[in-house]
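Colleague: using only what follows, build the 3D model:
(one chain, ligands or ions: 1)
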Amino acid sequence: MKNYKYLLKINSPADLKTIPLDELPVVCDEVRDFMIDTITKTGGHFGAGLGVVELTVALHYVFDTPTDKIVFDVGHQGYPHKILTGRRDSLHTIRQKGGLSGFLKPSESEYDAFGAGHASTSISAALGIATARDLKGENYKVAAVIGDGSMTGGLAFEAMNNAGVQKKDIIVILNDNNMSIDANVSAFSNYFNEIFASSTVQSIRKNVWDLAGKLDSFGDRLRKLAGRIEEGMKAIITPGALFEAFGFTYFGPFNGHNVIKLVKILRLIKDLKGPIFLHVMTQKGKGYGPAECDIHNLHAIGKIDKETGKSLSEKPNIPLYQDVFGDTMVELCKQNKNIIAITAAMCEGTGLDKLKNVMPERVIDVGIAEGHAVTFAAGLAIQGVIPVVAIYSSFLQRAYDNIIHDVALQNLKVIFAIDRAGLVGADGPTHHGVFDISYLRTIPHQIIAAPKDEQELRDMLFSAIYHYPNAPIAIRYPRGYAQGVPVNPMKHIPLGKSEIIKDGNNLAIIAFGKMVSYALKAAELLEKEGISVSVINARFAKPLDEDTLKDVLGRFDYIVTIEEGQKIGGFGSAVLEFANCISIKPNIFVLGIDDEFIEHGSQEELLEEIGLDEKGIFKQVIDFLEQNHLFAQNDKYYFDKK
Ligand SMILES: Cc1ncc(C[n+]2csc(CCOP(=O)(O)OP(=O)(O)O)c2C)c(N)n1
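Modeller: Numbering: from 1, shown residues only. Here you go, the predicted model:
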């Protein structure tokens with residue numbers, strides 16, 4: 001461990017408060033250094049945390065946490081907060097199984113005032129906490145810290161709108177680094193950029209800044225006077241006009257990397273009444289050269305070389321699903337002028353950067369606004385354009401009503417490329433894409449498909465565009481590497497048609513999407529035990545392949561379904577409902593995710609934990625068969641004749 005002057009003595013914010021104000025820049029350097037040292041070795045979210053070191057130190061210095069509540073939006077910027085709140089020595093375990101969460105989680109620490117992972121929730125949560133405080137007659141401060149990217153989400157504005165009416169004492173801190181994961185594409189950020197460019201604002205900013213810098217020695221009376229002067233200046237022109245219209249008192253913009261001034265400003269506004277808006281300007285990746293130059297790629301990192309910032313992870317020679325999707329969209333858009341791709345602030349994550357590079361006019365980034373993305377797509381579809389909305393499974397949860405009300409109810413063809421479907425690994429429960437099959441399956445006319453490999457993903461996209469009816473069409477595919485099969489020209493997969501990959505006669509496994517490859521490997525293990533297995537690639541959870549299912553349900557006494565999603569309401573549930581409907585009831589065993597949240601860890605570790613890797617499937621199938629007439633003799637399994 002390095003010879004830090006302060007860091008190793010800070011085990012809680014109380015320790016931080018014992019350090020003299022003018023030494024806080026040293027503390028910030030040490031927090032930043034520690035974070036860079038640790039996260040370049042372990043990987044994790046990087047740029048956002050480096051950008052808020054000073055803000056986090058100032059917040060814990062001024063506020064009395066955990067009594068005062070600081071609600072961080074998304075939580076990916078929470079690493080300095082973790083370092084200062086007793087989790088420094090376990091930071092190296094972050095995002096690993098059994099280690100610290102990569103986001104904020106009240107069950108992990110009393111300093112995490114509210115759970116986060118998805119964007120734009122902090123102001124709503126802070127307002128709720130402040131309202132509860134007042135109802136209970138309690139006395140503490142509540143602050144929300146939200147990035148300019150997350151501020152583009154409608155939920156943030158709904159909360160601002162409500163806060164302005166409720167007039168509760170809350171502080172919203174806008175951490176403005178002009179970046180989302182990709183560059184922040186929004187009228188909101190344009191608004192600030194234009195205002196900041198004006199020379200009037202530049203000079204007002206300097207005046208406000210100088211004033212705030214002098215305040216500390218002056219005492220309360222002068223602070224009030226200064227507040228009034230600042231009010232007057234703001235009335236002339238400041239970027240805060242927008243927030244003032246919401247009923248907030250605006251302060252800023254301030255340099256978010258001057259910790260001493262931040263402390264002074266926070267002390268000034270801390271006891272003010274009503275909704276307060278503090279605007280700080282920061283630089284994402286601050287203090288780490290490679291991240292400052294390449295903010296985008298160092299938003300989240302694997303292990304990297306500390307000197308160069310280059311990745312140290314080995315990459316197999318197989319494409320990621322997101323890249324296959326991106327390349328296929330380029331092909332499809334070149335053939336067909338009528339296709340538009342939509343992303344909600346995840347252009348590169350979804351692979352749509354590939355399309356944007358060659359046909360920028362065909363990709364629309366709507367900001368962190370999944371609900372809007374879907375209704376916007378419905379507007380395109382009603383005019384005959386074919387929208388392909390690429391959203392991660394867990395973020396699409398935000399847009400449920402939009403899918404039902406704006407797409408399905410009007411029979412519109414909107415294609416949903418649902419990336420990160422299934423367990424995503426290190427990001428954990430906020431990001432696992434395990435609910436989509438269940439929540440989509442209830443929607444009339446909804447089509448739900450999942451490819452077994454990259455070629456099928458291509459075929460499904462092609463079929464959705466050219467062959468499937470006007471309806472919401474979901475194609476779900478996992479995070480990570482595809483199967484590495486050769487990529488061929490796209491072909492039509494008939495709607496609702498499954499594929500028998502392997503024939504056998506003791507047991508049928510019907511697998512959905514990514515689970516097909518696991519089912520095949522588990523089948524090999526079962527065959528070694530003398531159990532003959534059929535493996536069916538379901539391809540569709542809706543509509544089901546009723547003809548094949550009827551045949552399979554009739555032929556086999558033992559059927560296993562496998563999906564990487566919640567069991568409740570999922571694909572296996574659909575098979576059970578169908579069997580019930582046609583009054584055929586063999587033993588059907590549904591494998592998937594139980595009615596609980598799965599924590600973080602690598603994808604492989606998590607699949608093993610829940611018994612969905614090949615060995616887990618093998619074991620669960622053997623247990624199921626043993627409970628149902630299978631018996632072992634001389635190292636071989638035999639089936640009882642019924
Ligand atoms: C609902 C939702 N959509 C998308 C994301 C993915 N996401 C995580 S962080 C982020 C960018 C946030 O930008 P900002 O709030 O400005 O924070 P910064 O990383 O710039 O500090 C996005 C889009 C998410 N977490 N939640």
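
Colleague: quick one: the residue of the stretch 201-350 of the chain found nearest the ligand from residue 365, how far?
Modeller: In the stretch 201-350 of the chain, the residue found nearest to the ligand is residue 345; the distance is 4.0 Å by CB to the nearest ligand atom. (Each C-beta comes from the backbone N, C-alpha and C, glycine too.) Residue 345 sits 6 Å away from residue 365, going by CB to CB, to the nearest Å.

Colleague: and the residue nearest to residue 108 when sequence neighbours are not counted, what is it in contact with?
Modeller: Counting by CB to CB, 6 or more residues apart in numbering, residue 101 is the residue found nearest to residue 108 once chain neighbours are left out, at 5.7 Å. Contacts for residue 101 were tallied using CB atoms under 8 Å, 6 or more residues apart in numbering; they are 94, 95, 108, 428, 600.

Colleague: my guess is the fourth one meets residue 603, correct?
Modeller: It stands for residue 428. No: Residue 428 sits out of contact with residue 603 when judged by CB atoms under 8 Å, with a separation of 11.4 Å.

Colleague: for these two, indicate the residue with more neighbours.
Modeller: A count of neighbours by other CB atoms under 10 Å puts residue 428 above the other of residue 428 and residue 603, at 22 against 19.

Colleague: now the common contact residues for residue 345 and residue 365.
Modeller: Taking CB under 8 Å, 6+ apart as the criterion, residue 345 and residue 365 both touch 182, 185.

Colleague: chain center to the helix or strand harbouring residue 28: distance?
Modeller: Per DSSP states H and E: residue 28 is located in helix 24-42. Mean C-alpha position of helix 24-42 versus that of the full chain (CA atoms, centre = their mean, to the nearest Å) differs by 25 Å.

Colleague: repeat that for stretch 149-169.
Modeller: 21 Å.

Colleague: please see if that stretch touches the ligand.
Modeller: Yes: contact of stretch 149-169 with the ligand (CB under 6 Å from any ligand atom) involves 149, 150.

Colleague: could you show which parts of the protein are in contact with the ligand?
Modeller: Within the chain, the residues that sit near the ligand (CB under 6 Å from any ligand atom) are 48, 51, 74, 76-77, 118-119, 147-150, 177, 179-181, 284, 345-346, 368, 370, 395, 398.

Colleague: how does it look with 5 Å?
Modeller: For the chain, the residues found near the ligand under the criterion CB under 5 Å from any ligand atom are 48, 74, 118-119, 147-150, 177, 179-181, 345, 368, 395.

Colleague: where in the stretch 51-200 of the chain is pLDDT low?
Modeller: Under the criterion pLDDT under 70, the flagged ranges of the stretch 51-200 of the chain are 188-189, 191-200.

Colleague: can you give me the strands for it?
Modeller: 69-72, 142-147, 171-176 (DSSP state E, counting those that start in this stretch).

Colleague: ok, the last one: who's next to it in the sheet?
Modeller: This points to strand 171-176. strand 142-147 (parallel), strand 276-281 (parallel) (DSSP bridges).

Colleague: only the buried residues of the last one, if you could.
Modeller: Within strand 276-281, the residues scored as buried using 16 or more other CB atoms under 10 Å are 276, 277, 278, 279, 280, 281.

Colleague: the first one touches residue 168, doesn't it?
Modeller: No: distance between residue 276 and residue 168: 10.6 Å, which falls outside the contact criterion (CB under 8 Å).

Colleague: low-confidence ranges, the stretch 501-642 of the chain, go.
Modeller: Looking at the stretch 501-642 of the chain by pLDDT under 70, you get 630-636, 639-642.

Colleague: would you map the strands across it?
Modeller: Going by DSSP E, counting those that start in this stretch, the stretch 501-642 of the chain shows strands at 507-511, 533-537, 540-542, 558-566, 587-593, 630-633, 636-639.

Colleague: can you list those in JSON lines and add mean neighbour count?
Modeller: Below are the strands of the stretch 501-642 of the chain laid out as JSON lines (neighbours: other CB atoms under 10 Å):
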{"stretch": "strand 507-511", "mean neighbour count": "28"}
{"stretch": "strand 533-537", "mean neighbour count": "24"}
{"stretch": "strand 540-542", "mean neighbour count": "24"}
{"stretch": "strand 558-566", "mean neighbour count": "26"}
{"stretch": "strand 587-593", "mean neighbour count": "21"}
{"stretch": "strand 630-633", "mean neighbour count": "13"}
{"stretch": "strand 636-639", "mean neighbour count": "14"}
